[in-house]
Every structure is written in structure tokens, then in C-alpha cells.
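Chemist: what's the 3D shape of this:
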Amino acid sequence: MNQFLDIAPEVLSALHAGRPVVALESTIISHGMPYPRNAETALAVEKVVREAGAVPATIAILGGRLKAGLTEGEIRRLGEAGHRVAKVSRRDIAGIVASGADGATTVAATMIIAAMAGIRVFATGGIGGVHRGAESSMDISADLDELARTDVAVICAGAKSILDIPRTLEYLETKGVPVVVYRGDEFPAFYTSRSGVPAGTRMDSVGEIAAMLKAKWSLGLGGGAVIANPIPAENEMEPAVINGAIDKAIAEASKEGVRGKDVTPFLLARVKDLTGGDSLESNIALVMNNARLAAAIAERLAAD
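Modeler: Alright, predicted model coming up:
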């Protein structure tokens, strides 16, 4: 075990017994939505994972310790602290650990800590990717390189629709990351089930996905995989409404000079405001949906 890593007793027991475990990120708690909705949502997602037959392991850094599994009190602490907690990706982990600080983990950092703990399935909202205008800004999420190097399957509702989805998929292809769409013919765009980009690979059963992951890792093909799970039809937003809000939010971010790790939280917050809160409800629904699928995949992998 890594000297900086603490695995919660429930999670450690499940891993030792070969039972399914699902990693969950903490950026959605501190940077994804306001308190107390953020903490309530994180606890509800853990409940969904348990009800689906797996053990949840919410990932974060607390007091400089890498945590695989949080208590309810720790989740509420992150939620209440909000943006005062550092948003942590790969480049930030060592500094946060060395300083004994708290950190909310992005997709990339969550994958790293999950892999250290021996967890191979991770449910999140949406992955980061290539930002619109990246040809001049070079703004490309560290999530994509992490997917190429760390052996964790990421179940998501596609890439966040604030991104350049075609370029994100091209980047993942270059890095050799498998991208599977679960029961869909188009890659999903987070708030909507369709992006206009055809699915490279469609799989219609948990068994197919688990078999692919097992074969990939057994063959020594390192790195993760993207399992894109379209938002349920009853929860998705009208494309014209959400795309209009995103375009306006991007223009505002550019005008205000928002850069780097601040871009995504800024855009998501503005889209929520511009849609009257509807985007937040869709966001919560898709995270729950991804947690259920992740638990099913983890259970199948554990059974095999």
C-alpha cells in the first residue's frame, strides 16, 4: 500500500473479499454544485452504488492523505468548504500531500488514487477533454492523458458538452483509449444523449463491456477506457436550450479572461444560471445513472 494512502475499512474489506467497488470523484462535491446540494448528491450517489450491489469509494485528499472512501462527515466537510478546497489533478497531488492540505479530485486524480487502491471502475458525470478553441489556447484536460496511462474504466455521460467533442474523441483515439457507447449510436454530450458524432463502438450489455475490459488488461494493454452512458431521455435537455446557454457562457468566460482549471467550474455554474437550474437537475440525474451502470460493471468484473 502506498504510504500516503488510506483505504476506508468498508472499501478495504470489499477489495480483500473480491467484492465490487466503485470509485467516485470529489470535485463534484466541492466545485460542481452549491452546498448543501453537493453533499446530499454525493451521499445519494453512494446509496445508489450500494443498492446496485457494490461498495462506493469516494476519493479525495484530506489533510495531505489520499483517501479511498470517505465518511459522511468528510463528504459534508468538503461540500461546505466548497471552492476553498483545492481542485486537484495529477500535477497538484504531490504539492497538496506535502503541504497537508485538502483536495477535491478531478477525473485524472481520482483515477490515480483509485488505481493505487486497486479499484478499476469509476463513475463520474462527464470527462474533461479538448476545449473549444484549443487550437489557440492549448486547453486540453489532463483527464485524457490519464485515461491513456491508468488502468481504470471511467463510466460517464460522455464529455462535458462545453467541450469540442469531435476533437476530444480524436485525441482519445490517438492515445489508444477504447471508447464504448452503452446502448447508443452516438457519443453522448453530457446534458443530451446525442452529439451528432457516431459511436465508434456500441455495446448493449454489461457482460460485453466487462469482457472487453478484462481482455484489454489481460493483454497488457495499459490504460483506461471510456464507457459513455447516455443520459436517460426523461432527464436530457433540449439541445437548442443547452447549446445556447453553453455558447453564451463560453463567450462570457473569454471576455472575463477565465483560464485553466477555472474554466470548467465557471462554465458549468453559468450554464446552470442561464438554464434556470435545469442543467443541475440533469447533471444529478446522469451521475446517478452512471453510478448504477458502474456498479453493474464492477459486479460483473468481480464475478469473472
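
Chemist: distance check, residue 134 against residue 90.
Modeler: Counting by CB to CB, to the nearest Å, the gap from residue 134 to residue 90 is 19 Å. C-betas here are computed from N, CA, C, even on glycine.

Chemist: ok, residue 180 touching residue 230?
Modeler: No - counting by CB atoms under 8 Å, residue 180 does not reach residue 230; the two are 11.8 Å apart.

Chemist: tell me which of those two has more neighbours.
Modeler: The neighbour count for residue 180 versus residue 230, taken as other CB atoms under 10 Å, is higher for residue 230 (25 against 22).

Chemist: quick one: secondary structure of that one?
Modeler: coil (DSSP: H, G, I helix; E, B strand; the rest coil).

Chemist: list the contacts for it?
Modeler: 157-158, 181-184, 188, 193-194, 236 (CB atoms under 8 Å, 6 or more residues apart in numbering).

Chemist: any idea which of those residues has the most stuff around it?
Modeler: The most neighbours of any of the contacts of residue 230, using other CB under 10 Å, belong to residue 158, which has 33 neighbours.

Chemist: for that one, give the beta-bridge partners.
Modeler: residue 189 (DSSP bridges).

Chemist: return the distance of stretch 104-123 from the chain's centre.
Modeler: Counting by CA atoms, centre = their mean, to the nearest Å, stretch 104-123 is centred 9 Å from the centre of its parent chain.

Chemist: show the average pLDDT along it.
Modeler: Throughout stretch 104-123, pLDDT has a mean value of 98.

Chemist: equivalent analysis for stretch 263-274, please.
Modeler: 81.

Chemist: list the buried residues in that stretch.
Modeler: Residues of stretch 263-274 classed as buried by neighbour count (16 or more other CB atoms under 10 Å): 263-272, 274.

Chemist: which residue ranges of the stretch 201-304 of the chain form strands?
Modeler: Here the stretch 201-304 of the chain has its strands, by DSSP state E, counting those that start in this stretch, at 201-203, 225-228.

Chemist: I'd say residue 302 and residue 18 touch.
Modeler: Yes - judged on CB under 8 Å, residue 302 makes contact with residue 18 at a distance of 5.7 Å.

Chemist: give me the more crowded residue out of those two.
Modeler: residue 302 (19 against 10).

Chemist: what is the burial count for the closest residue to that one other than its chain neighbours?
Modeler: Counting by CB to CB, 6 or more residues apart in numbering, residue 302 lies nearest to residue 20, which is 4.4 Å off, once chain neighbours are set aside. Counted with other CB under 10 Å, the neighbours of residue 20 add up to 24.

Chemist: quick check, central residue of this structure?
Modeler: Centroid-nearest residue in the chain: residue 124, 3.0 Å away (criterion: CA atoms, centre = their mean).

Chemist: can you list the domains in the protein?
Modeler: Per automatic domain parsing, the structural domains of the chain span 1-119, 126-304.

Chemist: any idea which of those domains scores lowest on pLDDT?
Modeler: When the domains of the chain are compared on mean pLDDT, domain 126-304 scores lowest, with a mean of 92.

Chemist: and that one, end to end?
Modeler: 27 Å (CA to CA, to the nearest Å).

Chemist: check the offset of that domain from the chain's centre.
Modeler: Mean C-alpha position of domain 126-304 versus that of the full chain (CA atoms, centre = their mean) differs by 8 Å.
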